[in-house]
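K.L.:
turn this into a model:
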Amino acid sequence: MQKSKSQTDTQPIRIREGRKGSGVIRRPVSLLIDSPDPTALFDRTGRVLLANEAALAEGTPGPGNLDTAPGSSPPFWLTPPGRDSLIEATVSPGGAKNFEVRIPAGPETGERVFWVTTRLASQAAEGGFLAAAREVTGAAGEKLRAESADTVAEPADALTGFANREQFHFELERELARADLFGRPLSLLVIGLDNFKTLNDTHGLLAGDEYLRSMAETLRGTLLGGETAGRVGGDEIAILLPGASAAEAAPRAETVIALIRRMAPLWESNALTLTASAGVAVFPDHAGGAADLFLAADLAMHQAKRRGGGRVRLHDPSDRERDRTGRLREQSNRIRASLAESRFVPYFQPVAEVGSGRIVAVETLARMREPDGRIALPAEFLGAAERFGIVTAIDRAIIAAAFDGLAAARKRISPELEIGINLSGLDFDDDTLVADISRMARAKGIRPERVTFEITETAALRDFDRVRDFTLALTGEGFHFALDDFGMGFSSFRYLRELPVSSLKLDISYVRDLPKEKANRVFVRGMAGICRGLGVKTVAEGVESEEVMEILPELGVDRAQGWHVGYPSPDLPVVETGASLILPRRPRP
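P.N.:
Now for the predicted structure:
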């Protein structure tokens with residue numbers, strides 16, 4: 001839909017009152033006056049502060065009427081009973097768009113239909129709302145409706161049908177704005193399954209998917225009008241309870257936990273049973289913002305798990321979780337500052353070819369440079385980044401910096417040196433990431449076939465359909481894809497066949513003890529054989545000794561990575577084709 005001038009102009013609205021008592025309000029900006037669509041500025045009571053000619057022509061009370069009917073003059077397109085609904089929608093992030101209003105137009109003509117778009121005018125006197133209406137009555141309106149239906153889709157999690165993480169956080173922001181405006185509480189439940197990984201490892205990931213679908217169907221039946229559920233993690237569901245106090249939310253959480261405990265969906269004649277833990281946090285008692293409210297509920301849920309699971313915990317600002325919340329908030333602030341100041345830097349760890357000893361690749365590792373120059377490792381920032389939803393911003397920064405480094409070192413390194421870059425499981429929710437990666441690579445003149453993106457096995461299996469679509473899009477652009485830390489899930493060998501994997505990185509837990517653990521050698525030899533048959537390279541992670549290095553060739557492993565090969569460094573290895581294996585040793589960062 002084409003936006004009117006009133007919808008696209010971003011100039012701040014300023015209201016200047018005229019003579020005292022005149023009720024005349026002037027505005028020096030032509031935005032509202034010149035709009036061809038009926039447009040008005042009104043306050044939280046519905047009182048018109050300013051209306052343009054198009055609005056006056058439709059019957060909106062003009063400034064001259066304000067003295068005679070103060071506080072009771074809604075814009076023409078809004079009847080008084082609907083005023084609160086429009087204001088509620090307006091305070092949501094981005095304002096209200098295409099809020100439909102129907103106005104009787106007489107016995108012969110039926111009714112007229114308008115789409116109203118509003119946004120906050122935060123600098124207006126008395127806290128104003130700017131509203132513009134577009135008529136969508138008749139054939140022209142039907143065309144606009146069809147175009148809107150084709151272009152607007154509600155994001156949803158494919159497995160559960162609930163809102164996905166991004167959409168849920170949008171709804172959380174919107175409900176918080178409403179709660180703040182109308183002075184009512186908002187409760188948030190975060191529910192996590194206990195021992196869900198054990199179910200996956202025992203019965204397979206398809207069984208886990210079936211359990212999540214059954215749980216979603218069970219929970220859907222408990223939702224009341226206005227409540228929203230979202231899948232915010234692999235086995236985590238969040239529920240918004242508008243208007244619910246702590247005294248009301250805690251029993252609801254207990255009911256949900258009891259329902260999950262009684263579930264027993266069948267999978268291949270096996271009854272799948274689990275318990276769940278829930279954390280409850282309430283606005284404004286426990287937090288004033290969306291990120292802090294989610295963090296409070298999430299921490300309460302994890303504390304319930306630590307106390308044995310299968311229980312509900314209400315966030316308690318007085319307990320030691322408060323200190324952890326504060327630390328995570330502080331870490332998130334450091335992360336955002338580092339992103340703004342381009343202080344996330346890539347470190348490169350070499351990967352050697354087992355047979356020839358050549359350095360053929362590097363893995364890119366994220367580091368954060370503190371203001372004092374100290375280099376922070378991922379353990380110091382990834383937890384907070386994932387909790388606050390900013391890990392994708394870090395990944396984007398590292399990808400850009402790695403491409404910059406590769407382009408800058410083009411004349412000093414082997415032209416065949418491959419580069420691996422880690423992705424987070426949350427990156428799969430970013431629909432623009434693949435296109436942006438391809439654009440960045442083209443801008444730096446980097447051939448996509450030199451770049452392999454790595455995700456952990458557990459992240460890959462969190463939402464298989466989304467991961468498959470993402471990786472197919474990546475490989476369609478010419479990039480490669482690798483499964484990292486393979487062996488942690490163990491029940492997912494079939495996915496090795498179904499995903500476009502070019503290399504598989506064996507988890508350090510299988511590699512480190514190869515000399516003394518026969519079972520590990522059997523596993524590694526078997527996986528190397530399977531991968532060789534599928535045309536997939538194997539990489540042994542955590543090679544820390546010459547003893548381990550000497551075993552790899554007989555097990556059929558293709559490549560090695562670890563401290564024995566080289567420590568991570570901010571510099572790409574200056575290695576010519578045919579160079580020897582071991583790089584100059586550096587102190588461990």
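K.L.:
so where does Arg497 fall, helix or strand?
P.N.:
Using DSSP states H and E, the element containing Arg497 is helix 493-498.
K.L.:
partner strands of the next helix or strand after that helix, parallel or antiparallel?
P.N.:
Note on helix 493-498: by DSSP H and E, the next helix or strand toward the C-terminus is strand 503-506. Paired strands of strand 503-506, with direction, are strand 480-486 (parallel), strand 537-540 (parallel) (DSSP bridges).
K.L.:
out of those strands, which is the most enclosed?
P.N.:
Burial of the strands paired with strand 503-506 is given as mean neighbour count (mean count of other CB atoms under 10 Å); strand 537-540 ranks first at a mean of 26. (Glycine included, C-beta is placed from N, CA and C.)
K.L.:
could I have that strand exported to PDB, CA atoms only?
P.N.:
Output of strand 537-540 as PDB, limited to C-alpha atoms (Å, rounded to 0.1, in the frame of the first residue of the first chain):
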ATOM      1  CA  LYS A 537      35.600 -34.600   5.000                       C
ATOM      2  CA  THR A 538      36.300 -35.400   8.700                       C
ATOM      3  CA  VAL A 539      38.100 -33.000  11.000                       C
ATOM      4  CA  ALA A 540      39.400 -34.100  14.400                       C
END
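K.L.:
any idea how far the helix or strand following it is from the middle of the chain?
P.N.:
For strand 537-540, the succeeding helix or strand toward the C-terminus, using DSSP H and E, is helix 546-555. Centroid separation between helix 546-555 and its chain, computed with CA atoms, centre = their mean, to the nearest Å, is 41 Å.
K.L.:
who touches helix 546-555?
P.N.:
Helix 546-555 is contacted by residues 354-355, 511-512, 514-515, 521, 524-525, 528, 540, 543, 560, 562, 564 when judged by CB atoms under 8 Å, 6 or more residues apart in numbering.
K.L.:
ok, and the closest non-adjacent residue to Ser502?
P.N.:
His480 (4.1 Å; CB to CB, 6 or more residues apart in numbering).
K.L.:
wait, that neighbour touches Thr452, no?
P.N.:
Yes. His480 lies in contact with Thr452 (CB atoms under 8 Å); the separation is 4.0 Å.
K.L.:
list the residues that contact both of those two?
P.N.:
Ser502, Ser503.
K.L.:
Val101 should be in a strand, yeah?
P.N.:
Yes. Val101 sits within a strand when classified using DSSP: H, G, I helix; E, B strand; the rest coil.
K.L.:
on the pLDDT front, check the most centrally placed residue in the chain for me.
P.N.:
Centroid check for the chain by CA atoms, centre = their mean gives Glu166 as the closest residue, at 4.7 Å. Predicted confidence (pLDDT) at Glu166: the value is 81.
K.L.:
now swap in Gly425 and tell me
P.N.:
The model's pLDDT for Gly425 equals 81.
K.L.:
that older thread, now which of the contacts of helix 546-555 would you call buried?
P.N.:
Val354, Val511, Arg512, Leu514, Arg521, Val524, Ala528, Ala540, Val543, Ala560, Gly562, His564 (16 or more other CB atoms under 10 Å).
K.L.:
put together a markdown table for those, with pLDDT, distance to Ser277 and secondary structure on each row.
P.N.:
A markdown table is the format used below for the buried ones among the contacts of helix 546-555 (pLDDT from 0 to 100; distance: CB to CB, whole Å; DSSP: H, G, I helix; E, B strand; the rest coil):
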| residue | pLDDT | distance to Ser277 | secondary structure |
| --- | --- | --- | --- |
| Val354 | 93 | 44 | coil |
| Val511 | 92 | 34 | helix |
| Arg512 | 88 | 33 | coil |
| Leu514 | 92 | 37 | coil |
| Arg521 | 91 | 39 | helix |
| Val524 | 92 | 36 | helix |
| Ala528 | 92 | 39 | helix |
| Ala540 | 94 | 37 | strand |
| Val543 | 93 | 38 | coil |
| Ala560 | 95 | 41 | strand |
| Gly562 | 92 | 37 | coil |
| His564 | 90 | 41 | coil |
